[in-house]
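K.L.:
Fold the following.
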Amino acid sequence: MRLSTRKTKKVRRMKEINDRRLIYMGTPDFAVPALKALIEAGYTVSAVVTQPDRPKGRSGALVPPPVKTAAEEAGIPVWQPEKVKDPAFLARLAQAQPDLIVVAAYGRILPEAILKTPPFGCINIHASLLPAYRGAAPIQHAVINGDKESGVTIMQMDAGLDTGDILARTVIPLAEDETGGSLFDKLADAGAQLLIRTIPDLFEGRLTPEKQPAESTTPYAAMITKQMGELDFSLPALSLERLIRGLDPWPCAYTFLDGRSLKIWKAGVLPDDPDAGAVPGTVLSADREGIRVACGKGCLILTEVQLEGKKRMGADAFLRGYRIPAGTVLGKNIS
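P.N.:
Here you go, the predicted structure:
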């Protein structure tokens, strides 16, 4: 009888939690798993807020954000304000009376008016172990810097940039061949699972928020740009190999061969420089195993490349159609 009573109370509590009104704010692929997890767990997502559709490709056709597509498939209303400070949007948000706003890579800093709207505030799914890697691109920077682990933090949002109290964290180890893309997928899924575990504790007051220090433990994780992908062969080969993995799949690391852009998709490190006197960027040899390039320290062996206007392919297949003599120097000003 007591067991039945406890079970009934637990079911009642979960129903009360699921009946609370949530609003979800997110834009890219990273934010989709968490939205789907909320839906599958039975939460009441009153609306989804995402960025406006943007033109893409040469045609300039408007393309909806991935979160918008997921929300529409689930029959959830979608709001796409141009500006989050727009009075009409803020009034609409207040009228919805959300108990909690969940944010994941929305792409805009939220004003205090939004942060104070729900009684349980706004929580953010951040793809790092805060206070490490505050900023827009924590995933790529973790790979580029050679970290052994990363993770997801659920944070109570405040007026600062990723500075709010930590509510929950989960740690994800990085594989030796981890790329920005593979870690992106792992953290998106981990964030969704952590969110579902955290929300009931938040609503029932079982969390002990952890204040962050004023300073981050790592440099700011600035937004990734295409220009970051150009390889500087005066750097150590190990640093360049990490950069190549961190920028896969976008924007992709690259150099120039005979004046044409050469994307580098995969590479390895040879610690012993066979020609210590070679100018960084010099091709030392090119065969079926790869294209060996002198660096500031060590040697980089390119094993998967893509020449401008061509398909992505392994070095062996590439060299069957494109000869690279030893002594060729890779780089923008070389033709």
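K.L.:
Scan the protein for its longest strand.
P.N.:
strand 260-270 (DSSP state E).
K.L.:
relative orientation of the next helix or strand after that strand and strand 260-270 in degrees?
P.N.:
Next helix or strand after strand 260-270 toward the C-terminus (DSSP states H and E): strand 283-287. Angle of strand 283-287 versus strand 260-270, following axes from the mean of the first three to the mean of the last three C-alpha atoms, to 10 degrees, is 90 degrees.
K.L.:
Please shift the residue numbers so they start at 704 in all later answers.
P.N.:
Fine by me, first position is 704 from now on; the one you just mentioned is strand 986-990.
K.L.:
For strand 986-990, output the C-alpha coordinates as PDB.
P.N.:
The C-alpha trace of strand 986-990 is given here as PDB (Å, rounded to 0.1, in the frame of the first residue of the first chain):
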ATOM      1  CA  VAL A 986      57.300  19.600 -49.400                       C
ATOM      2  CA  LEU A 987      59.900  17.100 -48.400                       C
ATOM      3  CA  SER A 988      58.400  14.100 -50.200                       C
ATOM      4  CA  ALA A 989      55.100  13.000 -51.700                       C
ATOM      5  CA  ASP A 990      54.100   9.400 -52.100                       C
END
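K.L.:
and it, which residues are buried?
P.N.:
Within strand 986-990, the residues scored as buried using 16 or more other C-beta atoms under 10 Å are 986-989. Where you see a C-beta, it was placed from the backbone N, CA and C, and this is true even at glycine.
K.L.:
Pull up the pairing partners for the longest strand of the chain, direction included.
P.N.:
Paired with strand 963-973 in the same sheet, following DSSP bridges, are strand 956-960 (antiparallel), strand 1002-1010 (antiparallel).
K.L.:
Please work out the average pLDDT along the shortest one.
P.N.:
Averaging pLDDT along strand 956-960 gives 98.
K.L.:
for the stretch 754-903 of the chain, what spans make up the helices?
P.N.:
For the stretch 754-903 of the chain, applying DSSP state H, counting those that start in this stretch gives helices covering 769-776, 790-799, 815-818, 841-847, 883-906.
K.L.:
Measure how far the longest one is from the centre of its chain, please.
P.N.:
For helix 883-906, the separation from the chain centroid amounts to 12 Å (computed by C-alpha atoms, centre = their mean, to the nearest Å).
K.L.:
Packing partners of it?
P.N.:
helix 705-722, helix 735-743, strand 803-807, strand 825-829, helix 841-847, strand 852-859, strand 869-876 (3 or more C-beta pairs under 8 Å, 6 or more residues apart in numbering; DSSP states H and E).
K.L.:
Present these as TSV; the columns should include mean neighbour count.
P.N.:
Listed next are the helices and strands packed on helix 883-906 as TSV, based on neighbours: other C-beta atoms under 10 Å:
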stretch	mean neighbour count
helix 705-722	11
helix 735-743	20
strand 803-807	25
strand 825-829	25
helix 841-847	25
strand 852-859	22
strand 869-876	16
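K.L.:
Compare those and give me the one nearest A777.
P.N.:
Closest approach to A777 among the helices and strands packed on helix 883-906 (C-beta to C-beta): helix 735-743, 5.2 Å.
K.L.:
Would you mind pulling the contact partners of that closest one?
P.N.:
Residues external to helix 735-743 that are found in contact with it (C-beta atoms under 8 Å, 6 or more residues apart in numbering): 725, 727, 729, 748, 751, 769-770, 773-774, 777, 779, 805, 807, 828, 891-892, 894-896, 898-899.
K.L.:
let's go with 10 Å and repeat that
P.N.:
Helix 735-743 is contacted from outside by 721, 725, 727-729, 746-748, 751, 753, 768-770, 772-774, 776-779, 805-808, 828, 855, 857, 888, 890-899, 902, using C-beta atoms under 10 Å, 6 or more residues apart in numbering.
K.L.:
picking that back up, most tightly packed of the helices of the stretch 754-903 of the chain?
P.N.:
Of all the helices of the stretch 754-903 of the chain, helix 841-847 carries the top mean neighbour count, a mean of 25, counting by mean count of other C-beta atoms under 10 Å.
K.L.:
Dump that one to CSV, keeping only the CA atoms.
P.N.:
Extracted in CSV, the C-alpha atoms of helix 841-847 (Å, rounded to 0.1, in the frame of the first residue of the first chain):
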residue,chain,number,x,y,z
PRO,A,841,34.1,26.3,-27.2
ILE,A,842,34.0,23.0,-29.1
GLN,A,843,36.5,23.8,-31.8
HIS,A,844,38.9,25.5,-29.4
ALA,A,845,39.0,22.5,-27.1
VAL,A,846,40.2,20.4,-30.0
ILE,A,847,42.6,23.0,-31.4
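K.L.:
Please name every helix or strand in contact with it.
P.N.:
Judged by 3 or more C-beta pairs under 10 Å, 6 or more residues apart in numbering; DSSP states H and E, helix 841-847 is in contact with strand 852-859, helix 883-906, helix 940-949.
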